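> Quick check, what structure comes out for this input:
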Amino acid sequence: MSPSILVKVLLLVLYQFCRQIFCKECTNIPPLSSHTLRYELESSTNQTLKQDMYSHYYHHLTPTDDSAWSSLFPRKMLKEEEKDDGEQRWAMLYRNIKKGIVNNNNGGSDSFLREVSLHDVRLDPGSIFGQAQQTNLEYLLMLDVDSLAWSFRKTAGLSTPGQPYGGWEKPDMELRGHFVGHYLSASAQMWASTHNETLKEKMDALVSALSVCQDKLQTGYLSAFPSEFFDRFEAVKPVWAPYYTIHKILAGLLDQYTLAGNDKALKMTVWMVDYFYGRVQNVIKKYSIERHWYSLNEETGGMNDVLYKLYSVTGDEKHLLLAHLFDKPCFLGLLAVKADDISGFHANTHIPVVVGSQMRYEVTGDPLYKEIGTFFMDIVNSSHSYATGGTSVNEFWTNPKRLANTLNTENEESCTTYNMLKVSRHLFRWTKEMAYADYYERALTNGVLTVQRGRDPGVMIYMLPLSHGSSKAHSYHGWGTKFDSFWCCYGTGIESFSKLGDSIYFEEGGKTPSLYIIQYISSSINWRAGNISLRQEVDPIVSLDQRFRVAFTFASTEQHSSSGGTATLKFRIPLWTYSDGAKASINGQDLPLLNPGNFLSISKNWSPGDKITFDLPLSIRTEAIKDDRPEYSSLKAILYGPYLLTGLSDGEWEIDATSATSTSEWLTPIPPYYNSHLISLSQESDQSAFAVTISNASLKMENIPPPGNNSAVRSTFRIIPKEDPKQLKNFTNSKDAIGKLVVLEPFNLPGMAIAHNGEGGNLGVATEYSAAAVFRLVRGLDGGDSTVSLESNDREGCFVYSGADLENGTTIKLRCKSRSLVDNDEDGFKKGASFSMGKGFSEYDPISFVAKGKQRNFLLSPLLSLRDESYTVYFNIHS
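Reported below is the predicted structural model:
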């Protein structure tokens with residue numbers, strides 16, 4: 001399909017989508033608010049198409065109903081006759097905001113839980129979180145400073161060594177530079193988390209390179225695109241979100257200062273803000289504040305958020321004023337009056353605005369903005385989020401509690417999960433409410449950890465598909481590439497995996513300091529306020545032993561060689577466990593446990609060697625999709641503790657629980673020793689290797705698959721001894737089955753078996769262990785040391801056979817050995833009936849279950865464990 005046709009198809013889909021859900025035009029121009037579409041338009045050479053699409057740019061609809069935002073600032077503060085005097089207008093605006101600053105500054109912030117510095121938290125490198133962090137670190141170290149700075153230097157009129165990156169960072173992309181801002185944040189966070197000195201040198205070099213660009217321009221302006229983009233922005237002419245990129249650059253520089261101590265980065269930030277303060281001031285002087293709001297119909301990222309953060313560092317009231325001017329009344333006003341009317345809005349345009357409003361509450365104490373954040377989280381979580389904790393479809397919110405027919409390949413933009421975690425984090429720090437901590441765990445585990453493709457550095461997704469039989473590899477974007485994608489979700493992705501340790505622990509001041517442990521992630525913390533060094537170790541979670549075990553040990557260090565006074569530790573008792581069978585102890589003595597959803601508080605004078613342990617039951621439960629229509633009440637996700645389970649599936653989704661009184665009757669854990677029973681069968685021909693693979697219900701020889709895709713799944717089989725299934729535990733190696741009668745169970749079709757269809761017939765998949773599914777595994781007829789042959793048990797002398805002329809797609813049949821075979825034919829027969837038996841191309845995750853289906857059973861494992869395999873998240877569970 002040509003790029004022009006692809007853009008037209010995408011346009012049509014987004015247009016129809018927006019027509020159905022009435023995409024809001026308060027802040028963006030649908031469907032142009034879609035980043036995916038904007039990139040395709042930027043890349044298109046079809047000028048007619050561009051003109052047609054941008055003709056819609058001017059038809060903004062800005063709500064003017066004062067009741068929606070009358071309690072918000074900015075307000076209409078000027079009389080009609082004053083509007084011609086720009087200087088007076090600005091002066092009055094400034095005085096009104098300054099008055100608000102004096103009245104509200106710092107209200108309530110002393111009662112918030114405090115962050116524990118990333119410098120004081122270290123992840124266990126062997127944990128899934130530690131591995132994800134390391135994978136991200138490897139990617140950050142791959143990226144080249146000259147390539148990152150290329151467009152900045154070009155804009156500043158400097159020489160441009162190296163080569164520019166591609167994708168959204170191409171020199172002709174209007175959003176270029178956004179990823180560089182994310183890189184500044186991510187590298188600062190990663191350095192704080194690891195103190196990797198190579199990364200420190202790289203990020204310092206990037207800040208220095210950008211500083212040279214800013215100095216060359218001499219105005220404070222710094223970006224990868226010319227300032228003319230803001231002329232178009234202020235004139236309400238088509239341009240792709242220039243303030244979105246500026247937000248990322250400002251946030252990155254500020255993080256370089258706050259996390260890495262780079263004073264130069266702070267000076268650059270302040271100089272940039274001075275420049276944009278002047279631009280916004282000029283717009284309001286020349287036109288009106290309404291015109292400024294009007295221009296904000298183009299996405300501005302989290303400008304309010306970074307400016308409130310900058311104000312908290314500098315105390316400069318100009319920074320607070322500018323932050324206020326990026327609080328969008330037309331969206332925040334809806335939340336202020338508690339109108340559940342976010343359907344049709346572009347999700348990731350608006351979540352950062354809410355995050356910024358939360359920072360407004362933190363720096364000013366204005367309770368209205370606490371209410372806005374609380375209400376927003378409530379409606380998203382109750383009406384617009386999936387079992388992963390993520391939200392959005394095709395980048396937009398749809399109608400509340402109508403998610404059943406939104407499941408497709410374009411669900412849950414990764415950026416939205418990154419930003420919703422910020423919303424919930426703020427709320428937890430303010431309220432200490434368990435629901436926000438549980439949400440954070442759910443979205444982090446099932447929304448963030450799924451973004452990476454295993455241990456492949458720099459390979460991430462944009463969308464998380466949730467349709468039946470979907471795959472992370474087969475969304476519109478699929479997996480990105482290291483140097484030619486740089487989507488918005490690449491930027492938030494590298495940040496997410498650089499700050500995995502920032503929400504495990506929070507602290508509270510007071511006469512007796514408290515440490516809140518809200519996430520169970522193997523890690524260590526140097527808690528300075530409590531004079532404590534603590535190590536958290538989470539036992540590997542498996543499906544067979546449905547327990548969650550974690551131990552906290554107080555370590556002896558030079559700084560904490562003796563007791564440091566009384567301190568309180570508060571442990572989250574998750575909502576996914578239950579009281580019956582839960583255990584906790586301190587130094588071997590049992591502790592009384594509270595009900596799930598509470599904090600267990602322990603105060604004492606801690607000493608090195610003190611140990612606290614938890615042994616909690618892991619619940620298996622189903623959760624209905626957020627859809628209040630009765631016909632979708634059986635559409636449910638399956639969760640095991642904090643993990644969302646997905647079933648390997650090409651689209652099947654029916655689970656049979658009609659006669660079950662508990663989940664254990666239709667859900668069976670897979671023992672860990674089953675992995676030793678997984679095999680692959682392969683052959684070689686003319687220096688090419690082929691594996692026995694299930695294809696369209698038949699067995700064929702296909703190219704050896706890479707791990708982590710559907711071919712690997714379909715080329716893996718479990719050996720089951722037919723004579724005595726109890727022998728399974730005694731199988732330490734698949735070769736133990738040689739000489740025995742066995743059944744070959746397809747990896748992704750538990751309960752089914754490979755069976756023949758008579759002599760000369762194709763081998764296929766049977767729904768039961770019939771006589772035709774039993775084979776004797778014998779040493780290879782070709783006499784090879786590592787080969788085996790499969791002889792039919794009900795047709796003696798007949799073997800599984802691929803053929804003499806092996807090629808990709810060769811069908812596997814049952815062929816019988818004939819006495820009339822001449823030597824050449826016999827040699828060919830022996831070769832075609834002999835297979836190298838190796839390890840399976842896929843393996844069971846430690847958390848694996850078999851779910852009983854109506855037509856077929858499902859192999860379930862955590863969503864985060866999958867790469868390119870096809871899966872189903874929501875099942876139709878008949879009960």
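> Next, give phi and psi for residue 414.
Reported as degrees, to the nearest 10, the phi and psi values for residue 414 are phi -60, psi -40.
> let me fix that: residue 122
Dihedral angles for residue 122 - degrees, to the nearest 10 - are phi -130, psi 130.
> ok, it touching residue 521?
No. Between residue 122 and residue 521 there is no contact under CB atoms under 8 Å: 10.9 Å. To be clear about C-beta, it is placed using only N, CA and C from the backbone, and glycine gets the same treatment.
> okay, these two: which has more neighbours?
Legend: neighbour count by other CB atoms under 10 Å for residue 122 and residue 521, higher for residue 521 (24 against 19).
> pretty sure that one is touching residue 132, no?
No. Using CB under 8 Å as the test, residue 521 is too far from residue 132 to be in contact (10.7 Å).
> Overlap in contacts, the two.
Here residue 521 and residue 132 share the contacting residues residue 500, scored by CB atoms under 8 Å, 6 or more residues apart in numbering.
> quick revisit: can you work out which residues contact both of residue 122 and residue 521?
With CB under 8 Å, 6+ apart, residue 122 and residue 521 have common neighbours residue 501.
> Which of the three states applies to residue 719?
strand (DSSP: H, G, I helix; E, B strand; the rest coil).
> What of the one 4 residues further on?
Under the three-state scheme (three-state DSSP), the conformation of residue 723 reads as coil.
> Isn't it up against residue 740?
Yes. The criterion here is CB under 8 Å, and residue 723 meets it with residue 740 at 6.6 Å.
> if you count what's nearby, which of those two comes out ahead?
residue 740 (17 against 10).
> what's across from the spatially closest residue to that one that is not a sequence neighbour in the sheet?
Nearest non-adjacent residue to residue 740, counting by CB to CB, 6 or more residues apart in numbering: residue 721, 5.5 Å away. Beta bridges link residue 721 to residue 742, judged by DSSP bridges.
> With residue 777 as the reference, measure out to residue 721.
In this view, residue 721 and residue 777 are 10 Å apart by CB to CB, to the nearest Å.
> which residues are common contacts for those two?
737, 740, 741, 742.
> List the contacts of residue 149.
180, 206, 209, 210, 213.
> Could you give me the buried positions within the host helix or strand of it?
Using DSSP states H and E, residue 149 sits within helix 145-156. Within helix 145-156, the residues scored as buried using 16 or more other CB atoms under 10 Å are 145, 147, 148, 149, 150, 151, 152, 153, 154, 155, 156.
> Next SSE downstream of it?
In N-to-C order, the element after helix 145-156 by DSSP H and E is helix 178-194.
> after that next one, next one along is what?
helix 197-217.
> Does that next one pack against any helices or strands, and if so which?
Judged by 3 or more CB pairs under 8 Å, 6 or more residues apart in numbering; DSSP states H and E, the packing partners of helix 197-217 are helix 128-142, helix 145-156, helix 178-194, helix 242-260, helix 263-286.
> Now render those as TSV, adding distance to residue 390 and mean pLDDT.
Putting the helices and strands packed on helix 197-217 into TSV (distance: least, CB to CB, whole Å; pLDDT from 0 to 100) gives the following:
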stretch	distance to residue 390	mean pLDDT
helix 128-142	17	98
helix 145-156	29	98
helix 178-194	19	98
helix 242-260	21	98
helix 263-286	31	96
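> Pipe those helices into TSV and attach distance to residue 226 per row.
Below are these laid out as TSV (distance: least, CB to CB, whole Å):
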stretch	distance to residue 226
helix 128-142	28
helix 145-156	6
helix 178-194	15
helix 242-260	10
helix 263-286	13
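> Residue 654: which of those helices is closest?
helix 128-142 (30.9 Å; CB to CB).
> Remind me what the closest one packs against, helices and strands.
strand 121-123, helix 178-194, helix 197-217, helix 488-496.
> Could you give me the PyMOL syntax to select whichever of the contacts of residue 149 are buried?
Applying 16+ other CB under 10 Å to the contacts of residue 149 leaves a buried subset, and the PyMOL line that selects it is:
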select buried, resi 180+206+209+210+213
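> From the chain's centroid, how far away is the helix holding residue 149?
Centroid displacement of helix 145-156 relative to its chain, using CA atoms, centre = their mean, to the nearest Å, is 29 Å.
> is it fair to say residue 837 lies in a helix?
No. In this structure, residue 837 is strand, not part of a helix, as judged by three-state DSSP.
> Going by residue numbers, what spans are strands in the stretch 601-750 of the chain?
Assigned by DSSP state E, counting those that start in this stretch, the stretch 601-750 of the chain shows strands spanning 611-617, 620-624, 635-640, 643-648, 654-656, 667-669, 678-685, 688-695, 698-703, 717-721, 741-746.
> Please identify the most buried of those strands.
strand 643-648 (a mean of 26; mean count of other CB atoms under 10 Å).
> Would you mind extracting the C-alpha trace of it into PDB?
Written as PDB, here are the backbone C-alpha positions of strand 643-648 (Å, rounded to 0.1, in the frame of the first residue of the first chain):
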ATOM      1  CA  TYR A 643      -0.600  -9.600  37.100                       C
ATOM      2  CA  LEU A 644      -3.000  -9.500  34.100                       C
ATOM      3  CA  LEU A 645      -3.100 -12.900  32.500                       C
ATOM      4  CA  THR A 646      -3.400 -13.200  28.700                       C
ATOM      5  CA  GLY A 647      -4.200 -16.300  26.700                       C
ATOM      6  CA  LEU A 648      -2.300 -17.400  23.600                       C
END
